[in-house]
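Novice: below are the sequence and a predicted model for it; my questions follow.
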Amino acid sequence: MHRLPLILALIATPALAVEDGHAFGLAGLLSRSNKHDLRPITLSAGMPLADTAWALRSGTYYEVEIQSDGSQELGLVGPGFFRAIWIDEIVIEGLEIRPLGLDSVEFDAAGVMEIGFVAIKPGRYHLKVPGTTGDTQRLEIEIK
């Protein structure tokens, strides 16, 4: 009987936590107000991966689309980055995958993959096309 007022207060409260002036909803870090879409990464033979580096904030939920035009079998590798984030889900053609970890992804044909993740560990990281050395085949990432 004593718990009923607390439960009613929690249900009626739109934001339960405030950090750095940012209010989270009932889903905490996964709240819609904490979600940000990143510019897509494009995998195409001889083309740059992205326009600019990523500046991410620890504790923020991000979604990114990785698009391949099928011009070549291409992938992305970035074990340091993938270990500095918590992956919520990977969506490929409507199929949702919830992995415990990730080292790399690869496209054998044209397609789109969406990755939802929370940035966790501050530092400097990168994603790159395996076996390449050019700056345009590398995406620099900083988590603050």
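Specialist: Cool, the structure landed. Numbers count the residues shown, from 1 in each chain.
Novice: give me the three-state assignment for Thr136.
Specialist: With DSSP: H, G, I helix; E, B strand; the rest coil as the basis, Thr136 sits in helix.
Novice: contact partners for the residue nearest to the spatial centre of the chain?
Specialist: Most central in the chain under C-alpha atoms, centre = their mean is Phe117, positioned 3.6 Å from the mean C-alpha point. By C-beta atoms under 8 Å, 6 or more residues apart in numbering, the residues touching Phe117 are Tyr61, Tyr62, Glu63, Ile85, Trp86, Ile87, Asp88. Heads up, the C-betas are built off the backbone N, CA and C, glycines and all.
Novice: with adjacent residues omitted, what lies nearest to the fifth one?
Specialist: Of all residues not flanking Trp86 in the chain, Val118 sits nearest, at 4.6 Å (C-beta to C-beta, 6 or more residues apart in numbering).
Novice: isn't that neighbour right up against Glu89?
Specialist: No. Contact between Val118 and Glu89 fails when scored by C-beta atoms under 8 Å: they sit 11.3 Å apart.
Novice: and those two? which has more neighbours close in?
Specialist: Comparing Val118 with Glu89 by other C-beta atoms under 10 Å, the one with more neighbours is Val118, at 19 against 14.
Novice: tell me how this structure divides into domains.
Specialist: 1-29, 38-143 (automatic domain parsing).
Novice: mean neighbour count, the ones you listed: which tops it?
Specialist: Comparing the domains of the chain by mean neighbour count (mean count of other C-beta atoms under 10 Å), domain 38-143 ranks first with a mean of 16.
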